[in-house]
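Asker: Let me see the structure of the following:
(2 chains)
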Amino acid sequence: MSTRAVESWTLQPLTDFVKEASVRLVLVLTPAGQVLAQSGFSRAVDVMSAAALGAAIVATTAELARQLRQPPFAALNHQGHRHGIFLATFVTERGTLAVLAVYDLDISSIGLVQLFYEQLAADLKAASPKGAVPKQVLAADFERELTDSLNTLFGR
Amino acid sequence: MSAALDLITRVRGVRGAMLVSADDGLVVAEQLMEGIKGGAVAALAASLAGRLRRAMEAAGIGVSVFWHLQGERGALLVVPGTSAGGILVVAVAEPDVNIGLVRLELLRAAEMVV
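Answerer: Numbers count the residues shown, from 1 in each chain, chains lettered A, B, ... in the order given. From the prediction side, this is the model:
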């Protein structure tokens, strides 16, 4: 399974998470949908779709929590018949990051994913560049940034 | 569920007992001494139970009814599978615990939670 990162400090924690939690697909992204690393995806269009949908879920659940006057949800799990989808956010020096993971129910479980997600979040917090100001992607640069990221994620 | 766990934790040398959802690897109920990471034990024991079940099916030897992993500083004892309705009954014990007695109480606890 291929694991690639746009920001190299995310690579080792993500590789460890994929191995330990036996997850099928993973994205590490910002709440805006900018992908920092991916594992298991074979097509750029799938990464773009998953990142957009993941970012949308983060935004909608954050708003739902706000309307309920609750702090944002720490994690969200959707369990289907064969696959589970896990989405959680955490704060690093790089800013808030989200992890979207898809796992097969016959080789992993929500317990296993949660357990190793905690390790992943701790590892990413420790590895994130200290004092870095999160880079804003301007609309004018968006397409170029996206193309560059996808090229890196798919080794082009 | 608390009564089921009491059966196990009253055995001398048992450091904790848990009911774990076999499918999810999540803790359903627990009575653990300090220092035991219940969530981690639950997730990993459920993962191991799933792999053991598949190995035993592949070997054609039926379902497991009890397993015992002996470590240097303790033991992990589990009654898995369908006998407890998808719930694993897990005990963490000292290395010199009476395994036979813990096994008996694990099986009784499994019957209680069905």
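
Asker: need the longest helix for chain A.
Answerer: With secondary structure taken from DSSP state H, chain A has its longest helix at helix A:44-67.

Asker: Buried residues, that one. List them.
Answerer: Neighbour counts over helix A:44-67 (16 or more other CB atoms under 10 Å in any protein chain shown) mark A:44, A:47-48, A:50-51, A:54-55, A:57-58, A:61-62 as buried. C-beta here means a position set from N, CA and C on the backbone, and glycine is covered the same way.

Asker: Make JSON lines out of those residues and add distance to chain B.
Answerer: Rendered in JSON lines, the data for the buried residues of helix A:44-67 read as follows (distance: CB to the nearest CB, whole Å):
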{"residue": "A:A44", "distance to chain B": "32"}
{"residue": "A:V47", "distance to chain B": "28"}
{"residue": "A:M48", "distance to chain B": "31"}
{"residue": "A:A50", "distance to chain B": "23"}
{"residue": "A:A51", "distance to chain B": "27"}
{"residue": "A:G54", "distance to chain B": "22"}
{"residue": "A:A55", "distance to chain B": "27"}
{"residue": "A:I57", "distance to chain B": "21"}
{"residue": "A:V58", "distance to chain B": "23"}
{"residue": "A:T61", "distance to chain B": "20"}
{"residue": "A:A62", "distance to chain B": "25"}
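
Asker: Please name every helix or strand in contact with the next helix or strand after the longest helix of chain A.
Answerer: Elements were assigned by DSSP states H and E; along the chain past helix A:44-67, the next helix or strand is strand A:75-79. The helices and strands touching strand A:75-79, judged by 3 or more CB pairs under 8 Å, 6 or more residues apart in numbering or on different chains; DSSP states H and E, are strand A:83-92, helix A:110-127.

Asker: wait, which of the ones you listed is closest to chain B?
Answerer: Closest to chain B of the helices and strands packed on strand A:75-79 is helix A:110-127 (CB to the nearest CB; 2.4 Å).

Asker: Go ahead and produce PDB holding the CA coordinates of the helix or strand following the closest one.
Answerer: The first helix or strand that comes after helix A:110-127 along the chain, using DSSP H and E, is helix A:139-153. Taking C-alpha atoms only, helix A:139-153 is exported to PDB below (Å, rounded to 0.1, in the frame of the first residue of the first chain):
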ATOM      1  CA  ALA A 139      -7.800  31.400  -4.500                       C
ATOM      2  CA  ALA A 140      -5.400  32.500  -7.200                       C
ATOM      3  CA  ASP A 141      -2.900  29.800  -6.200                       C
ATOM      4  CA  PHE A 142      -5.500  27.100  -5.400                       C
ATOM      5  CA  GLU A 143      -5.300  25.200  -8.700                       C
ATOM      6  CA  ARG A 144      -1.500  25.200  -8.800                       C
ATOM      7  CA  GLU A 145      -1.300  24.200  -5.100                       C
ATOM      8  CA  LEU A 146      -3.800  21.400  -5.700                       C
ATOM      9  CA  THR A 147      -2.000  20.100  -8.800                       C
ATOM     10  CA  ASP A 148       1.400  20.300  -7.000                       C
ATOM     11  CA  SER A 149      -0.100  18.400  -4.000                       C
ATOM     12  CA  LEU A 150      -1.600  15.700  -6.200                       C
ATOM     13  CA  ASN A 151       1.600  15.300  -8.100                       C
ATOM     14  CA  THR A 152       3.500  14.800  -4.900                       C
ATOM     15  CA  LEU A 153       0.800  12.400  -3.500                       C
END
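
Asker: Name the residues that touch helix A:139-153?
Answerer: Outside of helix A:139-153, the residues within contact range by CB atoms under 8 Å, 6 or more residues apart in numbering or on different chains are A:4-6, A:34-35, A:37-38, A:41, A:44, A:47-48, A:137, A:156.

Asker: that older thread, tabulate the buried residues of helix A:44-67 (CSV), appending pLDDT and distance to B:V63.
Answerer: Shown next, in CSV, are these (pLDDT from 0 to 100; distance: CB to CB, whole Å):
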residue, pLDDT, distance to B:V63
A:A44, 85, 44
A:V47, 90, 41
A:M48, 90, 44
A:A50, 94, 37
A:A51, 93, 42
A:G54, 94, 38
A:A55, 94, 44
A:I57, 94, 38
A:V58, 94, 41
A:T61, 93, 39
A:A62, 92, 44
